[in-house]
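# what follows is a predicted protein model with its sequence.
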Amino acid sequence: RRNYKNVFDALVRTTKEEGIGALYKGLAPNILRGMSMNVGMLACYDQAKEMVAKLLNDPMTNGPTLPTKLGSSAIAGFTAALFSLPFDLIKSRLMAQKPIPETGKMPYSGVADCAVQIFKKEGPLGFYGGFSAYYGRCAPHAMIILISIESITQAYKNAFNS
């Protein structure tokens, strides 16, 4: 803990003590995680909506029904979790790393090194430990975002395409 007085003190002190670049440490893993989550969520949502509507016999004449939206967004949450968990794991490992006591060096030199070490030590399934808990976090996020998008889009269509 660095005993900052407030967020502005943290920004000023970090910039003075570590340089402006320190404010951007960890940016790459966060961008990778965010991109992969959105690709996973948005890429499959419309396809999942068609499949769920077919299963539920939803004609979608006035847009999908709530059960169709919930089911398809839960599927989109699954793919979001599937795509983004490896990057979330890498981000978390990089954030939590501490210098090795014997050498004083950090365990990982960056995103790629972290990914390679996880793969070598834990195998490909090592990237998916804790998937069910992560899905439990991603699914509600995807459901809220995608159902909101559907509602906003429908309201826009009703307002401007009368």
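That came through fine. Fair warning: this is a prediction, and the values are worked out from it, not measured in the lab.

# which pLDDT does the model give the residue positioned nearest the centre of the chain?
Centroid-nearest residue in the chain: Met37, 4.1 Å away (criterion: Cα atoms, centre = their mean). Here, the pLDDT recorded for Met37 equals 96.

# show me what the helix or strand containing it is packed up against.
Element membership of Met37, judged by DSSP states H and E, is helix 27-55. Helices and strands touching helix 27-55, by 3 or more Cβ pairs under 8 Å, 6 or more residues apart in numbering; DSSP states H and E, are helix 66-96, helix 111-122, helix 131-160. Bear in mind the C-beta positions are built from the backbone N, C-alpha and C, glycine included.

# for the longest one, what is the average pLDDT?
To tie it back to what came earlier, the one meant is helix 66-96. pLDDT averaged over helix 66-96 gives 96.

# ok, the second one next?
Within the predicted structure, the mean pLDDT of helix 111-122 is 97.

# re earlier: adding mean neighbour count and distance to Lys25, write the helices and strands packed on helix 27-55 out as CSV.
Output for these, formatted as CSV (neighbours: other Cβ atoms under 10 Å; distance: least, Cβ to Cβ, whole Å):
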stretch, mean neighbour count, distance to Lys25
helix 66-96, 20, 9
helix 111-122, 14, 12
helix 131-160, 14, 24
